[in-house]
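# just to be clear, the model below is a prediction. Sequence and coordinates:
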Amino acid sequence: MGMEETNGATSTTSTSAPASTTKATMKVYKIVLLGQGGVGKSALTLQFVTHSFLEYHDPTIEDAYLQQAVIDGEVGQLDILDTAGQAEFTAMRDQYMRRGEGFIICYSITDRRSFQEAAEFKKDIERVRNTEDIPIVLVGNKYDLEHLRVVQPEEGHALAREFNCPFFETSAALRHFVDDVFHTLVREIRKKERAEIQAQEKRSKRKSRGMSLHKIARRVFKKQHSESSSS
Ligand SMILES: Nc1nc2c(ncn2[C@@H]2O[C@H](COP(=O)(O)OP(=O)(O)OP(=O)(O)O)[C@@H](O)[C@H]2O)c(=O)[nH]1
Ligand SMILES: [Mg+2]
């Protein structure tokens, strides 16, 4: 089952829109999918964008998609980068880790190695970005293949707690929890932006308070100075 660990805010519709109809003012969310080859990054992306299931594995080099979505009543343009999981195509990895505002780290519940790799992807993002404060959603895909499961849901939850991020078990085949993954990541990006704005406001308030204190001190000093020179 797919499970969201953080907020349960209502999700809404997502609609495909050609790039030409995108208003210049619409907020763009740069999303990057990471994960070992074959875990289902392309299948998840195609389900999200085109509502169809990719049956065969055609190793990705790099594919980009634009998808308009209304999330919590606010419209946004999701700029999705579906990356290569296969080692021979990974030369660009640092570059797209620098470019992304939010990351979907995927593993397959049928492949332990892909689960171990997920932790490596997280470390790589932190190394490239030099911070731990990056919007991430952890995804254990292919949960329809329960008979082939080797990674337990509790392990996914535990890793998500370590990452401090939301977690879903998904099925690209059944289109289960696909929208939730993308929408939740947008919420995580928005949450971070709001926190940054608040921090900035606090800083500028403190600065302006400091300025006015400085002004008062100057006035008092002037007054005292003029009183002492007139007496
Ligand atoms: N049963 C099942 N199969 C899936 C699911 N998601 C993906 N697959 C299959 O797994 C294979 C690999 O899927 P892709 O989406 O191509 O994997 P990828 O992560 O994009 O692989 P790379 O592009 O090489 O990095 C394909 O045969 C998919 O049909 C799922 O949720 N359930
Ligand atoms: Mg792919």
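Received the coordinates, thanks. Numbering: from 1, shown residues only. Ligands and ions are numbered 1, 2, ... in the order given.

# please make it C-alpha for all contacts and neighbour counts, starting now.
Fine.

# near ligand 2, which residues of the protein show up?
Proximity of the chain to ligand 2, by C-alpha under 5 Å from the ion, involves residues Ser42, Thr60.

# what about the chain, any weak spots by pLDDT?
Applying pLDDT under 70 to the chain flags the ranges 1-24, 88-91, 210-213, 227-231.

# how about the strands in it?
Ranges of strands in the chain, per DSSP state E, are 14-15, 28-35, 62-71, 74-83, 102-108, 136-141, 167-169.

# right, and the ones you listed - which one's nearest ligand 1?
Ranking the strands of the chain by proximity to ligand 1 (C-alpha to the nearest ligand atom) places strand 136-141 first, at 5.3 Å.

# hmm, back to that, closest one to Asp179 among the strands of the chain?
strand 14-15 (8.0 Å; C-alpha to C-alpha).

# got the residues of this protein near ligand 1?
36-43, 54-60, 84-86, 141-142, 144-145, 171-173 (C-alpha under 6 Å from any ligand atom).

# ok, 5 Å please
Within the chain, the positions near ligand 1 by C-alpha under 5 Å from any ligand atom are 37-43, 54-57, 59-60, 84-85, 142, 171-173.

# dump the strands of the chain into TSV; add mean neighbour count and distance to Phe221 as well.
Putting the strands of the chain into TSV (neighbours: other C-alpha atoms under 10 Å; distance: least, C-alpha to C-alpha, whole Å) gives the following:
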stretch	mean neighbour count	distance to Phe221
strand 14-15	16	62
strand 28-35	23	51
strand 62-71	17	55
strand 74-83	20	52
strand 102-108	26	52
strand 136-141	28	53
strand 167-169	27	59
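
# now those in CSV, with distance to Val181?
Formatted as CSV, the strands of the chain follow (distance: least, C-alpha to C-alpha, whole Å):
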stretch, distance to Val181
strand 14-15, 12
strand 28-35, 11
strand 62-71, 12
strand 74-83, 12
strand 102-108, 8
strand 136-141, 7
strand 167-169, 7
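
# what helices or strands is the helix ranked longest in the chain leaning on?
Longest helix in the chain by number of residues (criterion: DSSP state H): helix 178-230. Packing partners of helix 178-230 (3 or more C-alpha pairs under 8 Å, 6 or more residues apart in numbering; DSSP states H and E): helix 41-50, strand 62-71, strand 102-108, strand 136-141.

# among the residues of the chain next to ligand 1, name the buried ones.
Buried by 16 or more other C-alpha atoms under 10 Å: 37-43, 54, 60, 84-85, 142, 171-173, out of the residues of the chain next to ligand 1.

# quick one: which of those residues is nearest Glu120?
For these, the minimum distance to Glu120 (C-alpha to C-alpha) is 12.6 Å, reached by Gly85.

# any idea how far that closest one lies from Arg127?
19 Å (C-alpha to C-alpha, to the nearest Å).

# and if you look at Gln198?
For Gln198 relative to Arg127 (C-alpha to C-alpha), the value is 26 Å.

# and for Lys207?
32 Å.

# just want the most central residue of the chain.
With the centre of the chain defined as its mean C-alpha position, the nearest residue by C-alpha atoms, centre = their mean is Gly102, 2.6 Å away.

# now do the same contact list for that one.
Tyr29, Lys30, Ile31, Val32, Ile134, Pro135, Ile136, Leu185, Val186, Glu188, Ile189 (C-alpha atoms under 8 Å, 6 or more residues apart in numbering).

# got it, and Tyr65?
Going by C-alpha under 8 Å, 6+ apart, Tyr65 touches Val49, Leu78, Asp79, Ile80, Leu81.
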